[in-house]
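> let me see the structure of the following:
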Amino acid sequence: MTGPDEYSAVADNNLYTNLMAQRNLRLAADAVERHADRAIELHVDPEETAAWRDAARAILVPFDEQLGVHPQAEGFTHHEPWDFERTTPEQYPLMLHFPYFDLYRKQVVKQADLVLALHLRGDAFSAEEKARDFAYYEALTVRDSSLSACTQAVIAAEVGQLELAYDYFGEASLMDLENLEHNTRDGLHIASLAGAWIVAVAGFGGMRDHDGALSFAPRLPPRFARLTFGICFRQRRLRVTVTHEQAGYSLAGEEPLEITHHGQRILITPEQPVSLPIPGLQAGAVPLQPPGRRPATRRSAG
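Just a heads-up that it's a prediction; the model follows:
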């Protein structure tokens, strides 16, 4: 199979694909239970849904015990690393200068793949696993795709690398204004522009939606003073305001809404907004990128 990373095709048990298939199987079984009458019409019985749940439990999630990280696909961490030191700036993007047959056999990542799983299936990883995985794949990801920076920003923010997240945010936002891919003449990178919103809300706002439960773990980079955004969720309009010290949640509508703030469950009502402090996070060492592939630094010199 091929996961999101097009430099690692013809692989077995791509972790992102496996985890998304696992979620789909479980959601399908849940839907059958919620809509029993419709399931009968479609001839879906409990035995079939039980088989879906069994398949979800049996799905392989590769893990390299020696390195303490998740392989992007089965055997990926046993590949020889790409020779980044001998790759010149003019040889990027790699797919225009090297055969895919060579790329497929090396540890080199075109765009976020395992890191995308850390975002969309973050419920399948511990905080420690996320930090280790993110650092490992930062050193292999060359971002030969404009789709990568926003996802790397989201996870950088989650693991406390807020300056790095801010740099990736700038890359996603300014992809066309600064012509970073040298191809804006061919059209706008709409997905990257949408990714800038994802960085703001899912990265610095820390929003996640796992199994229908809405949660937030906001943290701002130093150059942000305030972040405000609104979302619609189950016929309710939620407004979130974040500073470095606290996050505020207010609700428009008639029904209350339960959310989670940094692991703490809270109930918001239209009459009673909630403000809570933002806990500190001790981030590890700033992860390295392949030589010459670090995003442009966007913080002020002072």
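
> drop to CA atoms for contacts and neighbour counts, all remaining ones
Noted.

> what's the longest helix in this protein?
helix 15-34 (DSSP state H).

> now that one, how far from the chain's geometric center?
Helix 15-34 has its C-alpha centroid displaced from the chain centroid by 18 Å (CA atoms, centre = their mean, to the nearest Å).

> next: stretch 193-205.
Distance of stretch 193-205 from the chain centroid (CA atoms, centre = their mean) equals 10 Å.

> end to end on it, go ahead and measure it.
17 Å (CA to CA, to the nearest Å).

> in it, which residues are buried?
For stretch 193-205, a neighbour-count test (16 or more other CA atoms under 10 Å) marks 193, 195-205 as buried.

> just stretch 275-292 next, same as before
Across stretch 275-292, burial judged by 16+ other CA under 10 Å covers 278, 287, 289-290.

> what does stretch 130-140 give?
Under the neighbour-count criterion of 16+ other CA under 10 Å, stretch 130-140 has 130-140 buried.

> now stretch 156-173
By 16+ other CA under 10 Å, the buried positions in stretch 156-173 come out as 156-173.

> quick one: mean pLDDT for it?
Stretch 156-173 carries an average pLDDT of 96.

> show me what it is in contact with.
With contacts defined as CA atoms under 8 Å, 6 or more residues apart in numbering, stretch 156-173 is touched by 127, 130-131, 134, 146, 149-150, 152-155, 180, 192-193, 195-196, 199-200, 203-204, 206, 217, 219-222, 281-284, 286, 295-299.

> circling back to that earlier point, could I get the buried residues of stretch 130-140 as CSV with pLDDT and distance to residue 77?
Conversion of those to CSV gives the following (pLDDT from 0 to 100; distance: CA to CA, whole Å):
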residue, pLDDT, distance to residue 77
130, 98, 16
131, 97, 17
132, 98, 14
133, 98, 12
134, 98, 14
135, 98, 14
136, 98, 10
137, 98, 10
138, 98, 14
139, 98, 13
140, 98, 11
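
> for the longest helix of the chain, packing partners?
Secondary-structure packing of helix 15-34 (3 or more CA pairs under 8 Å, 6 or more residues apart in numbering; DSSP states H and E): helix 46-58, helix 114-120.

> to residue 74, which of these lies closest?
Closest of the helices and strands packed on helix 15-34 to residue 74 is helix 114-120, at 11.8 Å (criterion: CA to CA).

> give me the helices and strands touching that closest one, please.
Against helix 114-120 (3+ CA pairs under 8 Å, 6+ apart) you get helix 15-34, helix 127-138, helix 148-158.

> re the thing from before, can you lay out the buried residues of stretch 275-292 as CSV showing pLDDT?
Formatted as CSV, these follow (pLDDT from 0 to 100):
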residue, pLDDT
278, 97
287, 96
289, 97
290, 97
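
> now these as TSV including secondary structure and distance to residue 108?
Converted to TSV, the buried residues of stretch 275-292 look like this (DSSP: H, G, I helix; E, B strand; the rest coil; distance: CA to CA, whole Å):
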residue	secondary structure	distance to residue 108
278	coil	36
287	coil	16
289	coil	11
290	coil	9
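
> what sits up against stretch 255-270?
Contacts of stretch 255-270 (CA under 8 Å, 6+ apart): 213-218, 236, 249-254, 274, 276, 278-279.

> buried ones among the residues you listed?
Buried by 16+ other CA under 10 Å: 215-218, 236, 249-252, 278, out of the contacts of stretch 255-270.

> can you list which of those residues are found in helices?
Counting by DSSP H, no part of the buried ones among the contacts of stretch 255-270 is found in helices.

> what angle separates whatever helix or strand residue 170 lives in from helix 148-158?
Counting by DSSP states H and E, the element that carries residue 170 is helix 162-173. Following axes from the mean of the first three to the mean of the last three CA atoms, to 10 degrees, one obtains 160 degrees for the angle between helix 162-173 and helix 148-158.

> then stretch 284-296 to PDB, C-alphas only?
Taking C-alpha atoms only, stretch 284-296 is exported to PDB below (Å, rounded to 0.1, in the frame of the first residue of the first chain):
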ATOM      1  CA  GLY A 284      12.300  18.300  25.100                       C
ATOM      2  CA  ALA A 285      15.200  19.300  22.900                       C
ATOM      3  CA  VAL A 286      14.200  21.000  19.700                       C
ATOM      4  CA  PRO A 287      14.100  18.300  17.000                       C
ATOM      5  CA  LEU A 288      16.400  18.500  14.000                       C
ATOM      6  CA  GLN A 289      15.300  18.500  10.300                       C
ATOM      7  CA  PRO A 290      17.300  17.200   7.400                       C
ATOM      8  CA  PRO A 291      20.100  19.600   6.400                       C
ATOM      9  CA  GLY A 292      18.800  22.600   4.600                       C
ATOM     10  CA  ARG A 293      15.100  21.600   5.200                       C
ATOM     11  CA  ARG A 294      14.400  23.500   8.300                       C
ATOM     12  CA  PRO A 295      11.500  26.000   7.900                       C
ATOM     13  CA  ALA A 296      12.300  29.600   7.700                       C
END
